[in-house]
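Participant: Predicted model and sequence follow; I will ask about them next.
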Amino acid sequence: MVFTNKSSPLLATQLVTSLLLGVSLMVGATELNPSVSAPAVSEPEPPVIIASPPDKSVSANQEKTVQDLYYGAVLFEFYQQKYYSAAVSLLTAQEQDRLKHHADDGHLLLGGLYLSYGLHSEAEEIFNALLTDNVGPAVKDRAWFYIGKIRFQKQLFTEAELAFSQVGDSLDESLQEEFRILKSNLLMAQEKYTEAAAALQDLVANNTAREGEDQANYARFNLGVALIRGGNEKEGTDLLRQIATLKSNVDDQKALRDKANLALGFSLLKDEPVLAKEFLQSVRLNGPFSNKALLGLGWAEVALQRYEQALVPWAELTKRDKTDLAVFEALLSTGNALERLRAFPQAMQSYNNAITIFEQELASLNNTVDAVKAGRLWADLLSQVGRNEMGWFWEAELLPNTPEARYLPMVMAQHGFHEAIKNLRDLWFLDGKLSRWQTEIPAYESMLTLRRDTYEDQLDKLTPEQTLDHVLDVRTNRDIYSDELARIAETKDAYALVTKEEQQLLDRLTNVEERIWKISTQDGRHKRRMPRYKEKYRLYAGLMRYDIETTYAIRHRTVKKSLKSLDAELQNTLDQQNSLQRARSNAPLNFDGYARRIELNRQRVTALRKEVKSAFDEQQRQLQVMVEVEFDVLRARLIDYLDQARFSLAHLQDLATGASESGRVLQ
């Protein structure tokens, strides 16, 4: 956002900074002018024209490999011309320390984005911070370049010259051309035209070798202007003549050619009108400079006293849009030429037509002023613009199709108005962004409430005291088992470690032994089978004892390992209990902290929206004053044209009346 008017509030600049820094709620070079105003009839002067190729305020190194994902995401938004989103994403990545490999690149890009939005102080702070011994010469050169550019835009020419002198040989190739143009513009701003011509001569040579003729033509044009201003008119005119005859199908080159022809034509109107005609006739009939060329072409014919031929371009010009001053000049000049041709009836009719048009345009202009005062014009203007994203340039094709907006293109041709209306659009965008954030805050509150309710509901189902008692009971039983294991180890009691199945087998063997003993005391036929029963018993009992006694070490180690595992589980359970206890104590504080943070952001957004509204109203008021001043000038011109037409018509009517009274015929 760029506030070029000195009375513009600093508040709006601070608002953009605040909004760019408030990235989330819950996460911690003169441009080729398409319009040239017409000079007055009485004093045609050649326009002062400086041209430059399309502006490249911010550049990102396309050839460098992106090593950080988040920096790549920033560049993705940047190259889609979503500059606000790119700045927000970049600030978020910097705050979360996610630019490990592109920290300096991120600062340079952010400084460039700030600079493009007119946050000169913030941008200069970023670039000054990069002037340390820890950065490479390429970063330092880019920082000095941007600092010089900021100072040049602030019209601090001496300081800008000092900054540019610090730029070394490591400046990025994509900035070299703009750097040379800025240095030449700085010299011309300091009225050092001879030095500017030398600098531009170097620029022409470098451009020819590096970028080709298209880019070099801008430097030739500016060099020609600098030479003429420095007193070397012949060399300057020769350069402009080169531009006037260039052949190209590129739109900006054709516009540059028209501009050169127009400048040469107007500069030769007084002394060499025939040659001036040749240059003016070379201007395209439907180009942005055609109205001015047609007007000048008629003046060249007048200078040659060829009044009838002067009517041809003016007749074409009077058919065009009646908001152009060149058309008003042609309407008045047509009657003057007819009067010089002594075609008095036609001259009177021409003046009558001019008076009618001037009166209609005055009424239309007054309606536009009323619309500006009532705010309707700005409402219609902003209704054509979406709130999705804001860039650096205003889209002229989005002007409202209303009668009140007819004069806006002529006023918008001026840089100050262009920037002011862009500021209004940017404030409109910021208000939309804040409005969306304001509607999202209740959603965060609902999320927090749901989290709190869910937590409290789950907490009621937990009984930490019972769990702790259970853990203590288990620990007591564990100690009993540990003591028993120690006794077993001391006495080598292998039978204490038998399994449940083994114990059942041992019990069966005991029962068998008792039955064998009991049967052996009784008489009967079974006595002769007793030795076989005793042998089987002895075998099975021996096998059982052998298995138990030989696996004692393994059993003991297994039980001991199980006790250690139990100890670990008990400790883990105790840790979880302690963590749960801390969570129960801290959760209310965390929820309250989030609630306070949401409320602070609510207050911040509300306050920022009030400030945006205040800045919007102030910018609208300044735009209104600016438009009223320009319309007052236009109204004064129209009134002057109207007075001249009425005076000329009255003069002819007086001549006709005098001729009638004397019996003569006015021819």
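Facilitator: Okay, I see it.

Participant: Just checking, which helix or strand of this protein averages the lowest pLDDT?
Facilitator: When the helices and strands of the chain are scored by mean pLDDT, DSSP states H and E, helix 10-21 comes last with a mean of 40.

Participant: Going toward the C-terminus from that one, what's the next helix or strand?
Facilitator: Next helix or strand after helix 10-21 toward the C-terminus (DSSP states H and E): helix 69-79.

Participant: chain center to the helix or strand hosting residue 634, what's the gap?
Facilitator: Using DSSP H and E, residue 634 falls within helix 552-662. Centre-to-centre, helix 552-662 and its host chain are 13 Å apart (CA atoms, centre = their mean, to the nearest Å).

Participant: which residues of the stretch 251-400 of the chain fall in helices?
Facilitator: Secondary structure of the stretch 251-400 of the chain (DSSP state H, counting those that start in this stretch): helices at 251-267, 273-281, 290-303, 307-317, 325-340, 344-374, 376-382.

Participant: per-stretch mean pLDDT over the ones you listed, give me the minimum one.
Facilitator: Ranked by mean pLDDT, the helices of the stretch 251-400 of the chain bottom out at helix 376-382, which scores a mean of 72.

Participant: Only alpha carbons, please: show it as PDB.
Facilitator: The C-alpha trace of helix 376-382 is given here as PDB (Å, rounded to 0.1, in the frame of the first residue of the first chain):
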ATOM      1  CA  ARG A 376     -21.800   6.800  -4.700                       C
ATOM      2  CA  LEU A 377     -18.800   6.800  -7.000                       C
ATOM      3  CA  TRP A 378     -16.600   5.000  -4.500                       C
ATOM      4  CA  ALA A 379     -19.400   2.500  -3.800                       C
ATOM      5  CA  ASP A 380     -19.800   1.800  -7.500                       C
ATOM      6  CA  LEU A 381     -16.100   1.500  -7.900                       C
ATOM      7  CA  LEU A 382     -15.500  -1.000  -5.100                       C
END
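
Participant: Which is the succeeding secondary structure element to it?
Facilitator: Taking DSSP H and E, what comes next after helix 376-382 is helix 408-412.

Participant: Please name every helix or strand in contact with that following helix.
Facilitator: Counting contacts by 3 or more CB pairs under 8 Å, 6 or more residues apart in numbering; DSSP states H and E, helix 408-412 packs against helix 415-460, helix 552-662. (C-beta placed from N, C-alpha, C; glycine too.)

Participant: Give the rounded mean pLDDT of that helix.
Facilitator: pLDDT averaged over helix 408-412 gives 70.

Participant: now it, how far from the centre of its chain.
Facilitator: Averaging C-alpha positions (CA atoms, centre = their mean) puts helix 408-412 25 Å from its chain's average.

Participant: CA atoms of it as CSV?
Facilitator: Taking Å, rounded to 0.1, in the frame of the first residue of the first chain, the C-alpha atoms of helix 408-412 are listed here in CSV:
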residue,chain,number,x,y,z
LEU,A,408,-12.4,8.9,-13.8
PRO,A,409,-10.0,7.6,-16.5
MET,A,410,-8.7,11.1,-17.1
VAL,A,411,-8.1,11.7,-13.4
MET,A,412,-6.7,8.2,-12.9
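
Participant: Pull out the buried positions in stretch 255-275.
Facilitator: Judged by neighbour count (16 or more other CB atoms under 10 Å), stretch 255-275 contains these buried residues: 255-269, 273.

Participant: Please export the C-alpha coordinates of that stretch as PDB.
Facilitator: Output in PDB follows, covering the C-alpha atoms of stretch 255-275 (Å, rounded to 0.1, in the frame of the first residue of the first chain):
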ATOM      1  CA  ALA A 255       3.400   2.900 -27.700                       C
ATOM      2  CA  LEU A 256       7.000   4.100 -27.200                       C
ATOM      3  CA  ARG A 257       7.300   4.900 -30.900                       C
ATOM      4  CA  ASP A 258       4.100   6.900 -30.800                       C
ATOM      5  CA  LYS A 259       5.400   8.800 -27.800                       C
ATOM      6  CA  ALA A 260       8.700   9.700 -29.500                       C
ATOM      7  CA  ASN A 261       6.800  10.900 -32.600                       C
ATOM      8  CA  LEU A 262       4.500  12.900 -30.500                       C
ATOM      9  CA  ALA A 263       7.300  14.600 -28.600                       C
ATOM     10  CA  LEU A 264       9.200  15.400 -31.800                       C
ATOM     11  CA  GLY A 265       6.100  16.600 -33.500                       C
ATOM     12  CA  PHE A 266       5.200  19.100 -30.700                       C
ATOM     13  CA  SER A 267       8.800  20.200 -30.400                       C
ATOM     14  CA  LEU A 268       8.800  21.300 -34.100                       C
ATOM     15  CA  LEU A 269       5.400  22.900 -34.300                       C
ATOM     16  CA  LYS A 270       6.600  26.500 -34.200                       C
ATOM     17  CA  ASP A 271       9.700  26.300 -36.200                       C
ATOM     18  CA  GLU A 272       9.200  23.400 -38.700                       C
ATOM     19  CA  PRO A 273       5.500  22.600 -39.000                       C
ATOM     20  CA  VAL A 274       6.000  20.600 -42.200                       C
ATOM     21  CA  LEU A 275       8.400  18.200 -40.400                       C
END
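
Participant: What is the strand or helix carrying residue 87 packed up against?
Facilitator: If you go by DSSP H and E, residue 87 is part of helix 83-95. Counting by 3+ CB pairs under 8 Å, 6+ apart, the packing neighbours recorded for helix 83-95 are helix 10-21, helix 69-79, helix 103-116.

Participant: tell me, how many neighbours does residue 568 end up with?
Facilitator: 9 (other CB atoms under 10 Å).

Participant: no no, residue 638
Facilitator: Counted with other CB under 10 Å, the neighbours of residue 638 add up to 19.

Participant: how much space is there between residue 326 and residue 469?
Facilitator: The spacing between residue 326 and residue 469, counted by CB to CB, to the nearest Å, is 98 Å.

Participant: Same check on residue 186?
Facilitator: In terms of CB to CB, residue 186 sits 83 Å off from residue 469.

Participant: More neighbours: the two, which one.
Facilitator: residue 186 (22 against 11).

Participant: Verify the stated contact: the more buried one with residue 161.
Facilitator: Yes: contact criterion CB atoms under 8 Å: residue 186 and residue 161 qualify, at 6.2 Å.

Participant: so who does the nearest residue to residue 301 once chain neighbours are set aside touch?
Facilitator: Distances taken as CB to CB, 6 or more residues apart in numbering place residue 310 nearest to residue 301, at 3.7 Å, with adjacent residues excluded. By CB atoms under 8 Å, 6 or more residues apart in numbering, the residues touching residue 310 are 298-299, 301-302, 333, 337.

Participant: Now which of the residues you listed would you call buried?
Facilitator: Buried, going by 16+ other CB under 10 Å: 298-299, 301-302, 333, 337, out of the contacts of residue 310.

Participant: can you list these in JSON lines and add distance to residue 443?
Facilitator: JSON lines is the format used below for the buried ones among the contacts of residue 310 (distance: CB to CB, whole Å):
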{"residue": "298", "distance to residue 443": "66"}
{"residue": "299", "distance to residue 443": "67"}
{"residue": "301", "distance to residue 443": "71"}
{"residue": "302", "distance to residue 443": "71"}
{"residue": "333", "distance to residue 443": "66"}
{"residue": "337", "distance to residue 443": "71"}
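
Participant: From the residues you listed, pick the one nearest residue 528.
Facilitator: Of all the buried ones among the contacts of residue 310, residue 298 has the smallest distance to residue 528: 154.2 Å, by CB to CB.

Participant: Quick check: the closest one touching residue 314?
Facilitator: Yes: if you go by CB under 8 Å, residue 298 and residue 314 touch, sitting 4.6 Å apart.

Participant: okay, and the common contacts of these two?
Facilitator: 330, 333, 337.

Participant: circling back: return the member of the contacts of residue 310 nearest to residue 130.
Facilitator: Residue 130 has its nearest neighbour among these in residue 299, at 54.1 Å by CB to CB.
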